[in-house]
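>>> Let's see this in three dimensions:
(one chain, ligands or ions: 2)
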Amino acid sequence: MSKTAYVRTKPHLNIGTMGHVDHGKTTLTAAITKVLAERGTGTFVPFDRIDRAPEEAARGITINIAHVEYETDTRHYAHVDMPGHADYIKNMVTGAAQLDGAILVVSALDGIMPQTAEHVLLARQVGVDHIVVALNKADGTQDEELIDLVELEVRDLLTAQGYPGDAVPVVRVSGLRALAGDPRWTASIEALLDAVDTYVPMPERYLDAPFLLPVENVLTITGRGTVVTGAVERGTLRLGDRVSVLGADIETVVTGLETFGKPMAEAQAGDNVAVLLRGVPRDAVRRGHVVAAPGSVVPARRFSARVYLLSGREGGRTTPVASGYRPQFYIRTADVVGDVDLGEAGAARPGDTVAMRVELGREVPLEPGLGFAIREGGRTVGAGTVTDVHNG
Ligand SMILES: Nc1nc2c(ncn2[C@@H]2O[C@H](COP(=O)(O)OP(=O)(O)OP(=O)(O)O)[C@@H](O)[C@H]2O)c(=O)[nH]1
Ligand SMILES: [Mg+2]
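Numbers count the residues shown, from 1 in each chain. Ligands and ions are numbered 1, 2, ... in the order given. Predicted coordinates for the structure are as follows:
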């Protein structure tokens with residue numbers, strides 16, 4: 001059973017769609033795969049295969065299929081379409097999605113809506129520096145002036161959030177008509193992809209840093225062992241390398257390495273991978289653990305951070321928080337309770353940016369610059385960055 005190996009011929013980037021519910025993110029994702037399948041550099045993934053986002057039955061070692069994979073002439077992309085607002089928050093805000101760039105989908109008929117604004121805000125907070133706008137459903141009106149207004153509104157929103165609103169590419173598209181094969185709108189998808197290819201720069205990959213992979217998912221392959229999946233945050237990994245599983249307190253050896261079902265010789269920062277670990281019991285490893293080069297990271301429980309508390313309009317709290325507040329912290333793929341100390345201020349209101357000290361319920365790998373989300377009762381109430389780690 002020889003499988004075709006993954007051959008790294010083009011630079012790899014992670015992108016994703018974001019935007020308000022029903023503005024057409026999934027339809028657009030399907031349309032992109034269709035257009036590229038016709039070009040011969042991708043496989044068509046129909047709408048219902050993307051939207052269901054099931055855990056694919058393990059066929060060899062494979063990764064979560066919320067990702068679709070395709071190539072343009074110059075690049076290989078993993079594209080994540082989050083099934084709903086909550087998934088967006090969870091994957092994107094915690095950095096699990098690790099987007100190098102994003103396609104902001106805005107319905108040209110409806111204009112910017114609350115989740116459009118929230119996703120832009122959170123993208124900014126987690127360091128997604130490049131956004132390309134798809135003004136979708138452009139087939140739905142003949143009124144170009146209406147679309148011009150929506151375009152202005154989107155550019156203003158981006159500028160207000162610290163993006164270069166005037167320079168961001170805004171492409172009028174119709175995912176639905178492109179899926180139907182309408183040549184005018186197929187061309188619109190080509191134009192969108194060209195904008196992504198040229199506007200989203202190749203990110204700097206920390207290939208020389210020690211290997212680190214936040215575990216998104218754990219699978220068992222009968223007869224082979226336990227597999228962890230996720231996006232490589234930094235470094236490289238090869239078969240036979242020793243790794244630590246932080247959280248499980250295990251040191252082991254990598255015995256299998258795949259991307260999108262294809263074996264690979266070396267995984268690099270930015271790759272979506274499945275890693276087979278020797279002799280690790282299924283129950284020992286969980287989402288939220290971190291696989292890293294032995295000795296390269298020290299987990300900690302206490303840190304200082306700068307946090308933006310979402311306003312009520314952005315889906316955040318409507319009442320202030322005070323020292324002693326105990327929300328959940330989403331750090332990489334981990335979900336950990338933490339005690340908040342607001343220091344002299346003592347309290348903070350939704351809409352504020354505050355400094356805080358946090359003591360987590362358990363140790364996780366932490367470092368300055370690391371982004372995280374704060375959640376409570378299933379919704380995101382804050383987004384922050386670690387400023388200092390306090391060991392011991
Ligand atoms: N006219 C028109 N309708 C579209 C277009 N793209 C999507 N739609 C319709 O808009 C609705 C929502 O599309 P989806 O692709 O499911 O939207 P979504 O953003 O993925 O929605 P969520 O995942 O629920 O947030 C569906 O009825 C689509 O058929 C388009 O380009 N033109
Ligand atoms: Mg969708």
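>>> could you measure Glu367 against Ala348, distance?
Noted for Glu367: a distance of 24 Å to Ala348, by Cβ to Cβ, to the nearest Å. Using the backbone N, CA and C atoms, a C-beta is placed for each residue, glycine as well.
>>> before we move on, what about Arg234?
32 Å.
>>> Among those two, which residue is more densely surrounded?
The neighbour comparison of Arg234 against Ala348 (other Cβ atoms under 10 Å) goes to Ala348, with 22 against 19.
>>> So the more buried one is in contact with Leu309, correct?
Yes - look at Ala348 against Leu309 with Cβ atoms under 8 Å: they come within range, at 5.9 Å.
>>> shared neighbours, these two?
Common contact partners of Ala348 and Leu309 (Cβ atoms under 8 Å, 6 or more residues apart in numbering): 321, 354.
>>> so Glu118 sits in a strand?
No - under DSSP: H, G, I helix; E, B strand; the rest coil, Glu118 sits outside any strand and is assigned helix.
>>> For the chain, name the helix or strand with the lowest mean pLDDT.
Least confident helix or strand of the chain, by mean pLDDT, DSSP states H and E, is helix 85-88 with a mean of 66.
>>> can you pull out the strands in the stretch 101-250 of the chain?
Assigned by DSSP state E, counting those that start in this stretch, the stretch 101-250 of the chain shows strands spanning 101-107, 131-136, 170-172, 212-214, 217-221, 225-231, 236-238, 242-246, 250-259.
>>> Let me have those strands in CSV, extended by mean neighbour count.
Shown next, in CSV, are the strands of the stretch 101-250 of the chain (neighbours: other Cβ atoms under 10 Å):
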stretch, mean neighbour count
strand 101-107, 25
strand 131-136, 28
strand 170-172, 21
strand 212-214, 26
strand 217-221, 17
strand 225-231, 24
strand 236-238, 18
strand 242-246, 20
strand 250-259, 19
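>>> of all those, which lies closest to ligand 2?
Across the strands of the stretch 101-250 of the chain, ligand 2 has its closest neighbour in strand 101-107 (9.3 Å, Cβ to the ion).
>>> any residues touching the closest one, and which ones?
For strand 101-107, using Cβ under 8 Å, 6+ apart, the contacting residues are 13, 15-20, 22-25, 28, 112-113, 116, 119-120, 123, 128-137, 150, 154, 192, 196, 199-200.
>>> residues in this structure within reach of ligand 1, list them.
Counting by Cβ under 6 Å from any ligand atom, the residues of the chain lying close to ligand 1 are 21-27, 83-84, 136-137, 139-140, 174-176.
>>> For the residue of the stretch 251-392 of the chain found nearest ligand 2, report the pLDDT, please.
With Cβ to the ion, the shortest gap between the stretch 251-392 of the chain and ligand 2 falls at Gly315, namely 17.9 Å. Here the pLDDT value assigned to Gly315 is 76.
>>> can you count the residues close to it?
Gly315: 18 neighbours (other Cβ under 10 Å).
>>> quick one, what contacts it?
For Gly315, counting by Cβ under 8 Å, 6+ apart, the contacting residues are 114, 118, 379-380.
>>> Buried ones among those residues?
118, 380 (16 or more other Cβ atoms under 10 Å).
>>> CSV please, covering the contacts of Gly315 and showing pLDDT.
Written out in CSV, the entries for these read as follows (pLDDT from 0 to 100):
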residue, pLDDT
Pro114, 86
Glu118, 84
Arg379, 80
Thr380, 80
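>>> just the helices in the stretch 1-150 of the chain please.
25-39, 47-52, 85-88, 114-125, 144-160 (DSSP state H, counting those that start in this stretch).
>>> so which of those gets nearest Val337?
helix 85-88 (18.9 Å; Cβ to Cβ).
>>> Of the residues of the chain next to ligand 1, which ones also sit close to ligand 2?
Among these, proximity to ligand 2 is found for 25-26 (Cβ under 5 Å from the ion).
>>> got the phi/psi numbers for Gly270?
Per-residue torsions, Gly270: phi 100, psi -20 (degrees, to the nearest 10).
>>> give the contact list for it.
With Cβ under 8 Å, 6+ apart, Gly270 has these contacts: 12-14, 98, 100, 203, 205, 231-232.
>>> Equivalent analysis for Thr141, please.
The neighbourhood of Thr141, defined by Cβ under 8 Å, 6+ apart, consists of 108-109, 147.
>>> now, which of those residues sits nearest Ala269?
For the contacts of Thr141, the nearest to Ala269 is Ala108 (36.3 Å; Cβ to Cβ).
>>> That closest one and Asp148: what is the separation?
Ala108 is 10 Å from Asp148, by Cβ to Cβ.
>>> excluding its backbone neighbours, what's nearest Ile374?
Spatially, and ignoring its direct neighbours in sequence, Ile374 is nearest to Gly382 (3.6 Å; Cβ to Cβ, 6 or more residues apart in numbering).
>>> which helices and strands sit right next to whichever strand or helix holds that neighbour?
Assigned by DSSP states H and E, Gly382 falls within strand 379-390. Contacts defined by 3 or more Cβ pairs under 8 Å, 6 or more residues apart in numbering; DSSP states H and E place strand 379-390 against helix 114-125, strand 299-309, strand 353-365, strand 371-376.
>>> beta partners of the closest residue to Ala265 other than its chain neighbours?
Nearest non-adjacent residue to Ala265, counting by Cβ to Cβ, 6+ apart: Arg238, 6.7 Å away. On the basis of DSSP bridges, Arg238 is bridged to Glu266.
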